[in-house]
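Q: How does the following fold in three dimensions:
(chains A and B)
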2 protein chains.
Amino acid sequence: MVEHSGLNIMCLNKYSLASSSSSSSSSNAEKKLLSKLKVSLTKKYPQKNAETLSAQYGTNLLLIGVSVMLALAQHGPAVKKEHLLTFITALMLVQLVWMLCYMTRRERERGPVPERDAHASTSWVRGGLTMLALLSLIMDAFRIGYFVGYHSCISAVLGVYPIVHALHTISQVHFLWFHIKDVIKKYETFERFGVIHAVFTNLLLWCNGVMSEAEHFLNNHRRRLTALGYANLSTGVYVCPHCNCTTSVCSMFSTSLYYLYPFNIEYHIFVSAMLLVMWKNIGRTLNLHSNRKRPSTRSPGLLLGPMLGLLALASSVTVLVVYLIQVENSQCVHAAVSMFYCYGVVMLSCMCVASGAGLLVYRLEAWPMDTGLNPARALDAELLLGSSLGSWLMSWCSVVAVAAAGRSSPSFRWTCLAYSLLLVLEKCVQNLFIVESLYRRRRDPDDALATEVFCVTPTYDGIMNRGYETQEKRCVTLEGETPENRAAFSRKQTDVTLPVGNQLNVTPGRKRQILKNITIFLFMCNISLWILPAFGCRPQYDSGLEQETFGYSVWTTVLNLAIPMNLFYRMHSVASLFEVFRKV
Amino acid sequence: MVEHSGLNIMCLNKYSLASSSSSSSSSNAEKKLLSKLKVSLTKKYPQKNAETLSAQYGTNLLLIGVSVMLALAQHGPAVKKEHLLTFITALMLVQLVWMLCYMTRRERERGPVPERDAHASTSWVRGGLTMLALLSLIMDAFRIGYFVGYHSCISAVLGVYPIVHALHTISQVHFLWFHIKDVIKKYETFERFGVIHAVFTNLLLWCNGVMSEAEHFLNNHRRRLTALGYANLSTGVYVCPHCNCTTSVCSMFSTSLYYLYPFNIEYHIFVSAMLLVMWKNIGRTLNLHSNRKRPSTRSPGLLLGPMLGLLALASSVTVLVVYLIQVENSQCVHAAVSMFYCYGVVMLSCMCVASGAGLLVYRLEAWPMDTGLNPARALDAELLLGSSLGSWLMSWCSVVAVAAAGRSSPSFRWTCLAYSLLLVLEKCVQNLFIVESLYRRRRDPDDALATEVFCVTPTYDGIMNRGYETQEKRCVTLEGETPENRAAFSRKQTDVTLPVGNQLNVTPGRKRQILKNITIFLFMCNISLWILPAFGCRPQYDSGLEQETFGYSVWTTVLNLAIPMNLFYRMHSVASLFEVFRKV
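A: Numbers count the residues shown, from 1 in each chain, chains lettered A, B, ... in the order given. Below you'll find the predicted structure:
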């Protein structure tokens, strides 16, 4: 629907142009062709092409960054961290300029209120992002402090980068609050490039964060292995600056940096997902009916879900602390890994049961699904499935490793097998639950009955599609009416089906209560499962089981790919579950 | 649009069920809940969920296979080739059973003609696939011959696999010819799983082919390096069977196998793309207007494009032969790589110019784009963009390597730089050209004029979207009319705009001729660029330039990822360009 263009206008020109190109002289015809070309090129560019072109531009930006990172990972003499940071800084500056242009232009066109996509983001998500952005700013402050301490012997880029990043963060948060819902309809091609540039700049910042974090973790891991006596691995190439720190807190800056990385990483990936929705919305015609925002409803009876969720959270933090202490001691590594897997099995089983129960509740409800166009929702579902891939691959590798392991392998291999299979199952069921929740039409107390009555339209299997479509249209017609009419209609209907209407109000309330409890429980479980790997509890590195079958390099590559994806999955499902919680 | 379901029917049941659950006793209520659940579960499953669930099932199948392959790549003692082949054989058998079920069921329901998606595949594509399938069958025959020769000392799985694969290939080709266009509307959930199983079985077969091919290539490469004296790399672990061959042609079988691999690989990836379209079509309601197939038109004046294309093809084959001879000789490796890059620069420049010219021709045309729903086309465009990623990453890595290279590095680094940048540019421009061609509405000689007249509807920038939509609807209305009406309408219009109509027939013909020539040229260039890497001309392994910056393992990983994607890209653009050729 976004490919409308200036072509219609061009059609008008065509007649005048075509009528003048009939002369038989070929040189004359070529001149005409050129002038015609000039006219065509000044017209608006077809939006399908602009979409393809801007997607290609963005992808290549990211790939340039990734290839520099790959070269960096080799610790060769030619490519240095400074090069990467310079590139990223340049991208951030370009994005800053674009955002400024966009915002000033919007300010100037104060006249008509621009169209906005109500589904693009909620204030809760933006609030969460603002918090993450604040933590990123603290990180930038630490980086600046580190630079000030060592300024005499490290590159100036390391000082410029955090300053630009801080500026970028501040103006991006401002942009998110006031413009992320905009549906751009002017200068579409230009804005498309601007938005996609922003998307891929944030993705590159995410990649950079993930790489730095993984490097730090691997260095720690290697240091530990060396201390334990497995010294055949070369230690990480962490280059300390060649001068003394002029302030006294340099080491504090560099160590506390790594506790803030997880937040910075999540901030960037979330922003890029939101900007991608904005990109998809460019030139879109909104369906005004489906675009209205429904108010959230309050519900009592939230006890079991939050209680169990808090229990899960508390036990996770305990496991994290115990694990981090035990794993430093060479005798306790196996015990620590074993404990983690046992905890994981219990946790994942509970989550499977909860999601399964949620799905069962949905099966009890006779509510049609909402199939309206909604890029934000479609992206949510795709990202959930896409980011599950990483940890599914990891789980299946673990399964293969357990199957291939001999008798001499550690005792925790059966718990590891159960954990891996449950992880696959849990993500499958949870994805189903979230996707179904997102695609459910919301029950509004006032129009529930009216729509319900309309659903009675009998449809047959063969013409189901068409029947469904007309039914949907009819419901829409009704919902578009004035409240008085609708109320009158409901009353008229309740005269006929009064006993049913009375009972319907009982069961859905209970169902909603169950669903809310399930959602809040899953919400907290997902936070727990995010905290563990984000703060260094990664038994997959320490168990050594998979490394035996896959070798160090393959297994590390799999983990470096899977763990960031898994972290993103957990955070993303937290956000989606919150959305579900407000919707149910 | 596919989420219609049995829910409408469930609405009917709801009243009777709800009315019986009002009793206050909770145990009684629970019993009711259970019975209600039973009723709900026997109903049709919502299609959005079936989609998610089947996608998850398929992805996990693939990931299991990939994790076994990763373990295999390590050449450990526990995981053997036989395990992988057993798994794949089992998957193929399941697919065979499903296809048989599906076909017999379709045979039995002879009554109404099932709905078919006219865009799902052309007979040309199917013909091409049949040829690839024939070559795959020859490969199976070779494999069986190899097994017969060594049957006393190798696992029986190596004999069963090619037999099952041959059966699978034959019945799959039959399925493709007669059922790939079907729009499934019955047993949707079951068929969804069947189709996705087929998709991912083929993807896994593709992965297996790619892995075997890459292993073979790397073994050859290592052998050559060892022969040249760079003997510090461990040679590949190619295990010869521990007995003598009972027939005399065993070595012939195993060597000729590798010349057939490229065809087998393309066969499987193409089939999985086609099956994915079938999966997306399940439960879809076809738009009968846009679903009609337009006849292809003949056009004279095809000379320059085919001539230049044949020249490109001939030069590619020459380069291939010279390269393969030169690279065996240690003194000539640099000369061979240098020659390849020079050839590549010329080739890619020509392709860039051709695609750019095609885009310019489109800019001259005032033709709106076709935005109708068409999963096959959308998938084509996405696959083109997606499969470009691999070689873009490779190109940017080369650029980084050139930038990082010192003065001592080989002289071909500047041609390498030009080649890499041109490769990025060429794919960008070609993608744009193909996507625009696919989304263009076809000019039909008879209704061109009529629609043209309708395009004159003036639209303003602000309400462009809506204007475009109504204009489209009007065009549709017109096209849906009987030919007599339409002809009358055209005549009526030509009375008014006769001089324009006469001239319009001249220029579009010439434009079409240019486009056809460009398309056929690009078609042959893409075949050329497929042949080179498919048959072993991979200078990225031999140049050593990138290996210096990225290290052996990272660079090999990048290549093992990028080269199969690039091969698929070339083949896929060949198929798309053929489609474009018939459409223009």
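Q: From now on I want contacts and neighbour counts done on CA atoms only, so please keep to that.
A: Fine.
Q: Quick check: A:Val164 vs A:Met351, distance?
A: For A:Val164, the distance to A:Met351 (C-alpha to C-alpha, to the nearest Å) stands at 42 Å.
Q: Also A:Gly149?
A: According to C-alpha to C-alpha, A:Gly149 stands 47 Å off from A:Met351.
Q: Compare these two (neighbour count), which wins?
A: Taking other C-alpha atoms under 10 Å in any protein chain shown, A:Gly149 and A:Met351 do not tie; A:Met351 has more neighbours (25 against 21).
Q: Report the secondary structure element holding that one.
A: Take DSSP states H and E as the rule and A:Met351 turns out to sit in helix A:333-364.
Q: ditto for A:Met211
A: Using DSSP H and E, A:Met211 falls in helix A:188-228.
Q: Which SSE is immediately downstream of that helix?
A: Using DSSP H and E, the helix or strand that follows helix A:188-228 in sequence is helix A:250-281.
Q: And that next one, what's buried?
A: Buried residues in helix A:250-281, counted by 16 or more other C-alpha atoms under 10 Å in any protein chain shown: A:250, A:253, A:257-258, A:260-281.
Q: Can you name the residues of the stretch 51-200 of chain A that neighbour chain B?
A: Counting by C-alpha under 8 Å from any C-alpha of the partner chain, the stretch 51-200 of chain A comes close to chain B at A:52-53, A:56, A:59-60, A:63-64, A:66-68, A:70-71, A:73-74, A:76, A:78-79, A:185.
Q: Mind doing that once more with 10 Å?
A: Contact residues (C-alpha under 10 Å from any C-alpha of the partner chain) of the stretch 51-200 of chain A with chain B: A:51-53, A:55-57, A:59-80, A:185-186.
Q: are any of those buried, and which?
A: Buried residues within these, counting neighbours by 16+ other C-alpha under 10 Å: A:51-53, A:55-57, A:59-75, A:79-80, A:185.
Q: Go through those and flag which are in helices.
A: Residues of those located in helices (DSSP state H): A:51-53, A:55-57, A:59-73.
Q: does the closest residue to A:His119 other than its chain neighbours belong to a helix or a strand, and which?
A: Residue nearest to A:His119 in three dimensions, not counting chain neighbours: A:Ala376, with 6.5 Å by C-alpha to C-alpha, 6 or more residues apart in numbering or on different chains. A:Ala376 belongs to helix A:375-404 when assigned by DSSP H and E.
Q: where's that helix relative to the chain centroid, distance-wise?
A: Computed by C-alpha atoms, centre = their mean, to the nearest Å, the separation of helix A:375-404 from the middle of its chain amounts to 14 Å.
Q: my read is A:Leu286 is in a strand, agree?
A: No - assessed with DSSP: H, G, I helix; E, B strand; the rest coil, A:Leu286 is coil; it does not lie in a strand.
Q: residues in contact with A:Phe270?
A: Shown in contact with A:Phe270 (C-alpha atoms under 10 Å, 6 or more residues apart in numbering or on different chains): A:125-126, A:129, A:132, A:199, A:202-203, A:206, A:276, A:568, A:571-572, A:575.
Q: and what of A:Leu286?
A: A:Glu115, A:Arg116, A:Asp117, A:Ala118, A:Val183, A:Leu373, A:Asn374.
Q: Could you pull out the buried residues of stretch A:160-177?
A: Applying a neighbour-count criterion of 16+ other C-alpha under 10 Å, one finds A:161-173, A:175-177 buried in stretch A:160-177.
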